[in-house]
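Q: okay, sequence plus prediction incoming.
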Amino acid sequence: MTFQHAGVIGAGAWGTALAQVCARAGLKVTLQAREPDVIEAINARHENAVFLPGVALEPAIRATHDFADLADCDLVLAVAPAQHLRATLAAFAPHHRAGAPIVLCSKGVEQGSLKLMAQVLGETITDAPKAVLAGPSFASEVARGLPAAVTIACKDVELGRAIAEAIATPTFRPYLADDIIGAEAGGAMKNVLAIACGIVEGRELGRNAHAALITRGFAEITRMSLALGGDADTVAGLCGLGDLVLTCSSSQSRNMTVGLKLGAGETLEQALAGKVSVAEGVASAPAVRALAARLGVETPICDAVAAILAGEVAVDEAIYGLLARPIRTES
């Protein structure tokens, strides 16, 4: 099982970085984008100046707006924002090559349906073999060829291995897993928790609070994964703990940056002003809170973030509420 032509849907920072990875791995790459200026810049100057400025792209990457140009792709990476993935996949569906696997690279819980991205794919392109790519991977570092390791989760172990071998490079190392649910749970919730860590930093609450929040946030990810049918071992790896640590520890994280601004006293509107890339945690927070309530899972940190974003509580009130929770055992 080998692949020759990769289609990447979505030319934001992460989609462009993954197109770069595929090109470096020797694949023919077609990158679908919505913005005419992005398409022109990639094809003419080999740069995505809007979403990934300053990074020289592989000349083999060809950008297009037309899903029909992906019709002969034997491997597809779907990198549209989580809240737009359903509409994007529906638009792509008539051009999907039968049997071509789709690797889901977006992280989040869909508002309204409260479904993970693999469920959304199952309802839009029903016959597509599916996999999930997740892990600690800032787009700019991956695009520049700095070392990174990720998880490829696929129930079909041989297919997962073939995808990993197709996109692996000397600086981009995929590890294999068969637990799609666990991989998605970690990716969806870490963005919400990164907003919380940003708030802690913006309020200057110290490194102790930051470490405690990451640890207790990881407990929330683990509980949610188990309730959904995932495996605790999966979220203890790159796609859960690894991604959480990275996203909660650097201002490169769009979600943490939003939290930093909220913690410093800005409104949500001010925190989001001028951003060209999507902070997935803002849209996923209410969906994560609703899904946890449906499943009966305790997610106090994610709930607090959702309440802050919705304007239901002030930042200091949410922090006090978390600290005032009853004493309990850690496990």
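A: All right, it came through fine. Keep in mind it's a predicted model, so treat the numbers as computed, not measured.

Q: do you know the pLDDT at the residue nearest to the spatial centre of the chain?
A: When C-alpha atoms, centre = their mean is applied to the chain, the residue found nearest the centroid is Lys107 (3.2 Å). Looking at Lys107, its pLDDT is 92.

Q: so it, which of the three states?
A: Secondary structure, DSSP: H, G, I helix; E, B strand; the rest coil: Lys107 is coil.

Q: from Leu85, how far out is it?
A: 10 Å (C-beta to C-beta, to the nearest Å). All C-beta spots, glycine's among them, are computed from the backbone N, C-alpha and C.

Q: about what we covered before: surely the residue nearest to the centre of the chain and Ala279 touch.
A: No: with contact defined as C-beta atoms under 8 Å, Lys107 does not count as touching Ala279 (11.4 Å).

Q: overlap in contacts of these two?
A: Listed as contacting both Lys107 and Ala279 by C-beta atoms under 8 Å, 6 or more residues apart in numbering are Asn191.

Q: ranges for the strands of the stretch 101-250 of the chain?
A: In the stretch 101-250 of the chain, the segments counted as strands under DSSP state E, counting those that start in this stretch are 102-104, 130-134, 148-153, 172-177.

Q: tabulate the ones you listed (TSV), appending distance to Ala318, mean neighbour count and mean pLDDT.
A: Listed next are the strands of the stretch 101-250 of the chain as TSV, based on distance: least, C-beta to C-beta, whole Å; neighbours: other C-beta atoms under 10 Å; pLDDT from 0 to 100:
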stretch	distance to Ala318	mean neighbour count	mean pLDDT
strand 102-104	31	25	98
strand 130-134	27	27	98
strand 148-153	31	25	98
strand 172-177	34	19	98
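
Q: how about a markdown table for the ones you listed, with distance to Ile327 added?
A: Below are the strands of the stretch 101-250 of the chain laid out as a markdown table (distance: least, C-beta to C-beta, whole Å):
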| stretch | distance to Ile327 |
| --- | --- |
| strand 102-104 | 40 |
| strand 130-134 | 34 |
| strand 148-153 | 35 |
| strand 172-177 | 35 |
